[in-house]
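1. got a structure for you, letters missing:
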């Protein structure tokens, strides 16, 4: 792969903030639904995010007005950067494997050519002995 092939991707994405906030995720990495308090009391009607398995939950709970979108976006960016770093490392490992395979292939081609030459010399020698016996 040419080193400049990834240049078509750089700069093609807009760095603008999405029009809607990213989904809030619980500690299970599941989308936390937005729910509303229905019980009578001072929090009735107040909205909150919680684990989708609530009340048997991982413990994630945030009031709607406490969700920090910037932190959520930063965390998502961190996850993406981590994934990209992992893919870059995997790419380097694969490139090293390809390099070793090419070297091995080259060595094998050299071995095959050497064997072919040795066989040609042996065949020629056998043909010479055969011709001498006919005389």
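-> Happy to help now that I have it. Quantities reported herein were computed from a predicted structural model and do not represent experimental measurements.

2. Just give the number of residues close to residue 57.
-> Per other CB atoms under 10 Å, the neighbour tally for residue 57 reads 15. The C-beta positions use only the backbone N, C-alpha and C, and glycine is treated the same way.

3. which SS class is it?
-> Following DSSP: H, G, I helix; E, B strand; the rest coil, residue 57 is assigned to coil.

4. Equivalent analysis for residue 62, please.
-> Applying three-state DSSP: residue 62 is strand.

5. residue contacts, the residue nearest the centre of the chain?
-> The residue lying closest to the centre of the chain (CA atoms, centre = their mean) is residue 87, at 4.0 Å. If a contact means CB atoms under 8 Å, 6 or more residues apart in numbering, then residue 87 has no contacts.

6. Could you tell me the per-residue confidence at it?
-> Among the per-residue scores, residue 87 shows a pLDDT of 95.

7. Over to the one 5 residues further on?
-> With respect to pLDDT, residue 92 has a value of 96.

8. tell me which element it falls in.
-> Counting by DSSP states H and E, the element that carries residue 92 is helix 69-134.

9. go on, residue 49?
-> When elements are assigned from DSSP H and E, residue 49 belongs to strand 47-50.

10. now what about that strand, what contacts it?
-> Contacts for strand 47-50 (CB under 8 Å, 6+ apart): 24, 26, 32-37, 57, 60-64, 67.

11. Quickly run through the sheet partners of that strand, with directions.
-> strand 34-36 (antiparallel), strand 61-63 (antiparallel) (DSSP bridges).
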